[in-house]
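**Student:** When you get a sec, could you give me coordinates for this:
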Amino acid sequence: MNHINLSTSGTDHTIWAKGLEFYNDELKLMGKKLLDISSKNTSIEAGKGVEHFQNQFIIQQKNISDLKHEVRNYRKSLGSDALEHGSHVTESFIKEGNELRERYEQLEQIMNTLRHEFNGYLSRWM
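**Tutor:** Next comes the predicted model:
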């Protein structure tokens, strides 16, 4: 089993953890705005948007929670492996880190699309 210096694995996991917290907070704020819209606009059309965004917010909160859990486990495993091997980690952590990076970047794209879509909805109903 090959080992590499811990510094090669990078610190992306710290950035991801902070980013996930940001997106979680952003979903909470969007949820509050959605609640405000739903109380002021009782039309069927506005209601369809409310339901759509509520569902999207729930889905993305679950995705964020799952990814946060995986990043947290990755950080713990990475740290344990580095302690065990004198600041070196098993090469498999690079692959796992790359997979987590891809998932995080996908989540960023989804959140950016959702934010843009929601802002369009806000401009129409606020």
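**Student:** Any idea which helix or strand in this structure has the lowest mean pLDDT?
**Tutor:** Ranked by mean pLDDT, DSSP states H and E, the weakest helix or strand in the chain is strand 3-5, scoring a mean of 54.
**Student:** And the helix or strand that comes right after that one, what's buried?
**Tutor:** Using DSSP states H and E, the helix or strand that follows strand 3-5 in sequence is helix 12-40. Neighbour-count burial for helix 12-40, counted by 16 or more other CB atoms under 10 Å, picks out 12-13, 16-17, 19-20, 23, 26-27, 30, 33-34, 37-38. All C-beta atoms are positioned from the backbone trio N, CA, C, and that covers glycine.
**Student:** helices or strands next to whichever helix or strand comes after helix 12-40 in the packing?
**Tutor:** Heading C-terminal from helix 12-40, the first helix or strand you meet, by DSSP H and E, is helix 44-84. Secondary-structure packing of helix 44-84 (3 or more CB pairs under 8 Å, 6 or more residues apart in numbering; DSSP states H and E): helix 12-40, strand 88-90, helix 92-125.
**Student:** Comparing those, which yields the minimum mean pLDDT?
**Tutor:** Sorting the helices and strands packed on helix 44-84 by mean pLDDT places strand 88-90 lowest, at a mean of 70.
**Student:** ok, back up a step: can I get the helices and strands packed on helix 44-84 in a markdown table with distance to A46?
**Tutor:** Formatted as a markdown table, those follow (distance: least, CB to CB, whole Å):
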| stretch | distance to A46 |
| --- | --- |
| helix 12-40 | 7 |
| strand 88-90 | 52 |
| helix 92-125 | 5 |
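**Student:** Out of these, flag the one nearest K48.
**Tutor:** helix 92-125 (10.3 Å; CB to CB).
**Student:** angle of the closest one against helix 12-40?
**Tutor:** Angle of helix 92-125 versus helix 12-40, following axes from the mean of the first three to the mean of the last three CA atoms, to 10 degrees, is 20 degrees.
**Student:** Nice, that's everything, thank you.
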